[in-house]
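Q: need a 3D model of the sequence below.
(one chain, ligands or ions: 2)
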Amino acid sequence: MTEKTREAALAYHATSPAGKIAIQPTKPCNTQGDLALAYTPGVAEPVRAIAASPEDAYRYTAKGNLVAVVSDGTAVLGLGNVGPLASKPVLEGKAVLFKRFADIDVFDLEIKASSAEQFIEVVAALEPTFGGINLEDIAAPACFAIEKALSERLSIPVFHDDQHGTAVIVCAGLLNALELQGKSLKTARIVCLGAGAAGLTSLHLLMSLGAAVENMILVDSRGVVHSERTDLNRYKQPFAHTTPLRTLAEAMNGADVFIGVAAADLVDAQMIRAMAPRPVVFALANPVPEILPEVAHAARGDLVMATGRSDYPNQVNNVLGFPFIFRGALDVRARQINQAMQLGAVHALSALAKQPIPREVLRAYGLDHLEFGPDYFIPKPLDGRLREWVPAAVAAAAVDTGVAQAPYPAHYPPRPAPSA
Ligand SMILES: O=C([O-])CC(=O)C(=O)O
Ligand SMILES: [Mg+2]
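A: Residues are numbered from 1 along each chain as shown. Ligands and ions are numbered 1, 2, ... in the order given. As a prediction, the model looks like this:
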């Protein structure tokens, strides 16, 4: 990051009031009468109603539109284990995006936990407050057990953004990028650098769309994941093939797709040149990708590329997912965010990228023209149509799979055909 951007970012956060979010009342509280309704004695009425019928919490409180964004700070962006306090700007940022893109309110909760078990207990105890739980920036492999335990215990949706949010966007982006390159997901050789939350879950969701595990090479901080390694956790084992490949550079040789969800600057121009003709390069580590687009494009002219950042074309980032996926889930009171709902979001995102772009979106990005192609194969986060397309697909899938506790909303677009 340049010195200028660094200063601008710090000034943005420090401008009074410090941070990025605040709480606002939604009911008048100006008169003695208002006070008597908002607080004692009036407040006792919704208390009695909820005590008698817990469902009434959705009617009389903010629960149904309130999401907890929760982290223990163990894997913050690609910056590592910086701890819960230092994760707060990221979590406040997620809160801003939930509100700005989907009008969902968020409490950001940075939890100082000494174990996964303690973290699980704390989050489970928060269930009454929230309509959903968005886990954020929790290191693998603990994140898998944490998500599983909380999903089983809670009756509100629990969603680990860095797993499923990122996986949804990777899949939507990759379907379109491969189409542009004239390749098929079923036969593409895919190298994934990063065997944490985002990498493993993206590979699984790609498999649900037809990608073959035999064509996937997983690379972690110790090199290629292969059958002779004795240090693999059970989440990496399905990807441990018998192969002579050992290093990232060897794995990149002839690969059709590179997915980087690891850390800055791990890929060089030589590795990009060694990939198959018309490759797809997703360098998604934040804030600094595995290879910068200018370096990758200089290495060869036939690639298509995405990063996780807002300042390059094709931002493959979970910002395209979590606000809209939760919007759809909350609006049908889904008990969980299942794979059918995630795939609904994948197909909505990849289809939206092929639609003509409204002028407001071009204006927001200071562009005259943009159409489906190498510089635009995934919708822009500031595209207002996301708020219609993605929640509709998610809500429809929730209804179809029986996890919705409320009908498909009347104010939504007419129901899309159920995804195959
Ligand atoms: O915050 C972002 O830009 C995307 C994300 O979840 C991460 O990198 O952990
Ligand atoms: Mg994250």
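Q: show me what the one helix or strand Leu349 maps to is packed against.
A: Assigned by DSSP states H and E, Leu349 falls within helix 339-352. Applying 3 or more C-beta pairs under 8 Å, 6 or more residues apart in numbering; DSSP states H and E, one finds that helix 339-352 contacts helix 166-180, helix 197-208, helix 322-331, helix 386-400. From N, CA and C alone the C-beta is placed, and that goes for glycine too.
Q: please save the CA atoms from it in PDB.
A: Only the C-alpha atoms of helix 339-352 are listed here, as PDB (Å, rounded to 0.1, in the frame of the first residue of the first chain):
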ATOM      1  CA  GLN A 339     -25.700 -25.600   0.100                       C
ATOM      2  CA  ALA A 340     -28.800 -25.200  -2.100                       C
ATOM      3  CA  MET A 341     -29.000 -21.600  -0.900                       C
ATOM      4  CA  GLN A 342     -25.300 -21.000  -1.600                       C
ATOM      5  CA  LEU A 343     -25.600 -22.500  -5.100                       C
ATOM      6  CA  GLY A 344     -28.700 -20.200  -5.700                       C
ATOM      7  CA  ALA A 345     -26.400 -17.300  -4.900                       C
ATOM      8  CA  VAL A 346     -23.700 -18.700  -7.200                       C
ATOM      9  CA  HIS A 347     -26.000 -18.900 -10.200                       C
ATOM     10  CA  ALA A 348     -27.600 -15.500  -9.500                       C
ATOM     11  CA  LEU A 349     -24.200 -13.800  -9.400                       C
ATOM     12  CA  SER A 350     -22.800 -15.500 -12.500                       C
ATOM     13  CA  ALA A 351     -26.100 -14.700 -14.500                       C
ATOM     14  CA  LEU A 352     -26.100 -11.000 -13.300                       C
END
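Q: for the stretch 251-400 of the chain, what lies in contact range of ligand 1?
A: Residues of the stretch 251-400 of the chain found near ligand 1 (C-beta under 6 Å from any ligand atom) are Asn286, Gly308, Asn317, Asn318.
Q: select only the buried ones of those in PyMOL?
A: Selection of buried members from those for PyMOL, criterion 16 or more other C-beta atoms under 10 Å:
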select buried, resi 286+308+317+318
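Q: between the residues of the stretch 251-400 of the chain next to ligand 1, which sits nearest Gln163?
A: Asn318 (9.4 Å; C-beta to C-beta).
Q: quick one: residues contacting the closest residue to that closest one other than its chain neighbours.
A: Excluding its sequence neighbours, the residue lying closest to Asn318 (C-beta to C-beta, 6 or more residues apart in numbering) is Gly165, at 3.3 Å. By C-beta atoms under 8 Å, 6 or more residues apart in numbering, Gly165 lies in contact with Phe159, Asn318, Gly321, Phe322, Ile325.
Q: can I assume the third one is in contact with Gly173?
A: No. Counting by C-beta atoms under 8 Å, Gly321 sits too far from Gly173 to count as a contact (11.2 Å).
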